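Peer 1: the amino acid sequence is not available; the structure is as follows:
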């Protein structure tokens, strides 16, 4: 999954729902998920000292982070 931070989660939600008409699913205590047309998803999370990213990230969900790190190191 991919994601990015915002400094104002409510303003971001309003923008993505009202302006872009993207389906938003709130994730209490974490942020929100943007359900993009065609099946893509983005995770949006609040960050008080948010600065727009100058890079791209790709995230993977794993069952156990310690095991995944050990396997990658090996």
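Peer 2: Alright, I've got the coordinates. Small disclaimer: the values here were computed from a predicted structure and weren't measured. Residues are numbered from 1 along each chain as shown.
Peer 1: rounded mean pLDDT for the helix or strand that residue 14 is a member of, please.
Peer 2: Using DSSP states H and E, the element containing residue 14 is helix 9-14. In this model, helix 9-14 has a mean pLDDT of 95.
Peer 1: what does stretch 49-59 give?
Peer 2: On average, stretch 49-59 scores 79.
Peer 1: ends of it, how far apart?
Peer 2: Terminal residues of stretch 49-59 lie 21 Å apart, using C-alpha to C-alpha, to the nearest Å.
Peer 1: mind listing what's buried along it?
Peer 2: When neighbours are counted by 16 or more other C-beta atoms under 10 Å, no buried residue of stretch 49-59 is found. C-beta here means a position set from N, CA and C on the backbone, and glycine is covered the same way.
Peer 1: pretty sure residue 33 is in a helix, no?
Peer 2: No: with DSSP: H, G, I helix; E, B strand; the rest coil as the criterion, residue 33 is located in strand rather than a helix.
Peer 1: OK, contacts around it?
Peer 2: By C-beta atoms under 8 Å, 6 or more residues apart in numbering, the contact set of residue 33 is 24-25, 27, 41-44.
Peer 1: before we move on, back to that, buried stuff in the helix holding residue 14?
Peer 2: Within helix 9-14, the residues scored as buried using 16+ other C-beta under 10 Å are 9, 12-13.
Peer 1: quick check: closest non-adjacent residue to the most centrally placed residue in the chain.
Peer 2: With distances taken as C-alpha atoms, centre = their mean, residue 43 lies nearest the centre of the chain, 1.8 Å away. Sequence neighbours aside, residue 3 is the residue nearest to residue 43 in space, at 3.5 Å (criterion: C-beta to C-beta, 6 or more residues apart in numbering).
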